[in-house]
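Chemist: Structure of the sequence below:
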Amino acid sequence: MTHTFFNSDFVTAREMEWFAQVSKDIFIILDGDYVIQGTNPAWHQVVGDSEIEAGQSLLMDYIHPEDQQLFIDQLRGKDRLSIEVRCSHKEGTYKWVDWYAIHRSEQRQKAIMLIGREVSYERMLELELKESKELGRVLLESADTSISIMDAEDRVIAVNKQFEELYGWRNEEIMGDIMPFYSHSEQVKKDFIELRKRVFQGGKIVNHEAVRVRKDGSLLPVSITVFPIRDINGHIVASLDQTRDMSQILDIQQQLMNSRKELEETNEQFQSILNSIIEVFFYVDKSWNFLFVNKLFANVLERDPEKLIGKSFWGVLPSKISPLAEDMLQESMRTGRKARFKDFSPLMNRYYEIFTFPTKNGMAVHARDIHDQEMNLQRLEDSERQIREIIENINEVFWITSVQDLKTEYVSAAYERVWKRPIKDVYQNKHSFADAVHPEDREAVIQSVADLDHIQPEIEFRILWPDGSVRWIRSKHTLVCGEDGQPLRIITVSADITELKEKDSLIRKGDKLGVVGQLAAGIAHEVRNPLTTIKGFVQLWRQDSNQVRYSEMILSELERIEFIMNEFLMLAKPHQETCMEPTDMNQVLKETAAFMQPEALLKETVMVCDLQEDLPKVMMEVKQIKQVMINLIKNALEAMENGGTIKIRTRKKRYKVIVQVEDTGSGISKERITRLGEPFYSNKEKGTGLGLMVSFKIIQNHHGTITFESEEGKGTLVEISLPFASQ
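Modeler: Residues are numbered from 1 along each chain as shown. From the prediction side, this is the model:
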């Protein structure tokens, strides 16, 4: 009979129970429904529950939900099994248990005996080992340098991708083999063995420069850092070699050496250039001590350049530098910002443009002589100021307009005098100019500058003042182009030519008067003599009483012809029998008004005189001026059929005496007012038009002007302007 531990005659049932109670292994008896029928304290410790009663708890209530189905499948499928599952603790944690199960059937009752052992610690170690390996792999692969790990026998444990790229061997090629790169050269092998020896003696190699051989046989300069790897007992079992490619660094070092040499040569050339230039240049450190001074600056200071090195800038130039330059230099050094400014140097009695170039070690200063340019600039500014003063004070309006959008870039102050509008309107609204142009002339003005290839050099047009007055403007355009020939701006000079237009009209009327005068001279001489003879015989004829009625009519018409002839003679000989002398205009007007007062009373018209006192005298031929005033007053009386008011005013304006005759008659239309003064044109039914024509001629001979303003239904204003008599 074979004896085992539990059927031994030496072990009683009680002793077996005791063994289960003190064992660290878990003992559980389950029925066929997985209900716990018996447990030991080891199970209570795993689940944290000491009050588990037999026949009251399902084992599956203590198994992790993710492991339950697997556990049941294993229990059903095998008589004996071995499986690790997680069991829940009362506090909510889980512990790993390694189970062994035995199925038993007695008297139709199924039972399962489970023996388990907690393996949470082993699981944790296994997981940590796995994580450690994964972390090592990640670190190995993510390193930016070549890494290789070798054991104590120089066999490769692992290499990373950077090693593969640097040397050419793949990890799977050399894993477990002796590191191959030192077998190509005795010197490389010797160096490799020496490093390994030092590391396995506990040393550490940092940035050791050496030569290694690639798979293709080429030599590679490298920097090697080697660390020992120890086991849990502190024994060195492997090494980690970190290799950095030095070929590029060596190339860079060589380039730096070459660059340093070139820099030294360039520095010598640069100093030579700085010494040869005819501009001031020097360099100071942070303490303002000279590190370099070119020869020109040293000569200005009357010092040896070499002896200035190390000297204080402020010690050498304490009183020879302006306050502006001192402030700008100090500010540039303090802030580290470049500076550029102009200054007059008392030391050299010239203007300089100064540049500062701060560095981390000091500051370079370059001074460029701009004295001649500054003098020219000042002269140019003076010239521009004078030109601007001229432009701002002349009567013509000076414009500068951009061709891009016809926006005004500049307009002179005369604009407000000529246009009677504020300048700001032109700058704020580019349409302001066109809005002020007379509607009938607006399109022509716009078209005059619309085509830049055929810009209209000169144009005359009308503008409207804010009060509705019409003024004539003459504008001259000049196109300004850039160096490439493209139009940039339009320069316009505009002048008010209203008075010129009026004088031109008077001249044209004067020309007509001259023609009429020549005609009148011929007609008067040819007609006057026969008229005298006819008049004499008609007077004799009157003595016959039967012919009185007809003779009266004939004489009346002959007298009218004689009057017209006298008017013609006045036009033909305007200067005949004239005696110009300084005369008080107010006195002449008083006498004329008194002479015309009876006729005004007959017409139920009131004459009002508003005469300014202390008027300067006017050089005049009194009879002719009275003739003009009588003519104007008669015209006013005839214009007021139902009576009215005639106002006679005087005032002085600049160097002229102004006389105004204003009535409240029917007025004159704009079309007819422009023809006043023409021969044989009259507003009266039997008028010849010669009266006003003679008046125009008289005023013209007195170097004056006569103008008419009228509005139909409101009356007419006649204004005469005569110059002061010279003192």
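
Chemist: how's this protein carved up into domains?
Modeler: 13-119, 126-250, 277-374, 394-573, 578-723 (the TED database).

Chemist: who's in contact with stretch 21-35?
Modeler: 20, 36-43, 46, 55-60, 72, 75, 97, 109-118 (C-beta atoms under 8 Å, 6 or more residues apart in numbering). All C-beta atoms are positioned from the backbone trio N, CA, C, and that covers glycine.

Chemist: buried sites along that stretch?
Modeler: Buried residues in stretch 21-35, counted by 16 or more other C-beta atoms under 10 Å: Ile26, Phe27, Ile28, Ile29, Leu30, Tyr34.

Chemist: pLDDT score assigned to the fourth one?
Modeler: What it means is Ile29. On the pLDDT scale, Ile29 is placed at 85.

Chemist: sec struct for it, please.
Modeler: Recorded secondary structure, Ile29: strand (DSSP: H, G, I helix; E, B strand; the rest coil).

Chemist: so how far is Gly38 from it?
Modeler: For Ile29, the distance to Gly38 (C-beta to C-beta, to the nearest Å) stands at 4 Å.

Chemist: thinking again about what came up before, tell me which of the contacts of stretch 21-35 fall in strands.
Modeler: 36-39, 97, 109-118 (DSSP state E).

Chemist: Quick one: which of those has the lowest pLDDT value?
Modeler: Gln109 (70).

Chemist: now that residue: how far from Ser345?
Modeler: 121 Å.

Chemist: residues touching the residue lying closest to Glu209 once chain neighbours are set aside, list them.
Modeler: Nearest non-adjacent residue to Glu209, counting by C-beta to C-beta, 6 or more residues apart in numbering: Ser223, 5.6 Å away. By C-beta under 8 Å, 6+ apart, the contact list for Ser223 reads Asn207, His208, Glu209, Thr243, Arg244, Met246, Ile249.

Chemist: Mind doing that once more with 10 Å?
Modeler: Thr145, Val206, Asn207, His208, Glu209, Ala210, Gln242, Thr243, Arg244, Asp245, Met246, Ile249 (C-beta atoms under 10 Å, 6 or more residues apart in numbering).

Chemist: again, but for Met150
Modeler: So Met150 contacts 156-159, 174, 178-179, 196, 199, 226, 229, 238-241 (C-beta under 10 Å, 6+ apart).

Chemist: Could you work out the most separated pair of those?
Modeler: Ile174 and Val199 (19.2 Å; C-beta to C-beta).

Chemist: Nearest residue to Val85 in space, please, no chain neighbours.
Modeler: Val85 sits nearest to Asp67 (C-beta to C-beta, 6+ apart), 4.0 Å away.

Chemist: For the one you found, what is the enclosing helix or strand?
Modeler: helix 65-77 (DSSP states H and E).

Chemist: Let's see that helix as PDB, backbone CA atoms only.
Modeler: C-alpha atoms of helix 65-77 as PDB (Å, rounded to 0.1, in the frame of the first residue of the first chain):
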ATOM      1  CA  PRO A  65     -15.800  40.400 -13.300                       C
ATOM      2  CA  GLU A  66     -13.400  40.100 -16.200                       C
ATOM      3  CA  ASP A  67     -12.000  36.800 -14.900                       C
ATOM      4  CA  GLN A  68     -15.300  35.100 -13.900                       C
ATOM      5  CA  GLN A  69     -16.200  33.500 -17.200                       C
ATOM      6  CA  LEU A  70     -12.700  32.200 -17.800                       C
ATOM      7  CA  PHE A  71     -12.600  30.700 -14.300                       C
ATOM      8  CA  ILE A  72     -16.000  29.000 -14.800                       C
ATOM      9  CA  ASP A  73     -15.000  27.600 -18.200                       C
ATOM     10  CA  GLN A  74     -11.800  26.200 -16.700                       C
ATOM     11  CA  LEU A  75     -13.700  24.600 -13.700                       C
ATOM     12  CA  ARG A  76     -16.200  23.000 -16.000                       C
ATOM     13  CA  GLY A  77     -13.700  21.700 -18.600                       C
END
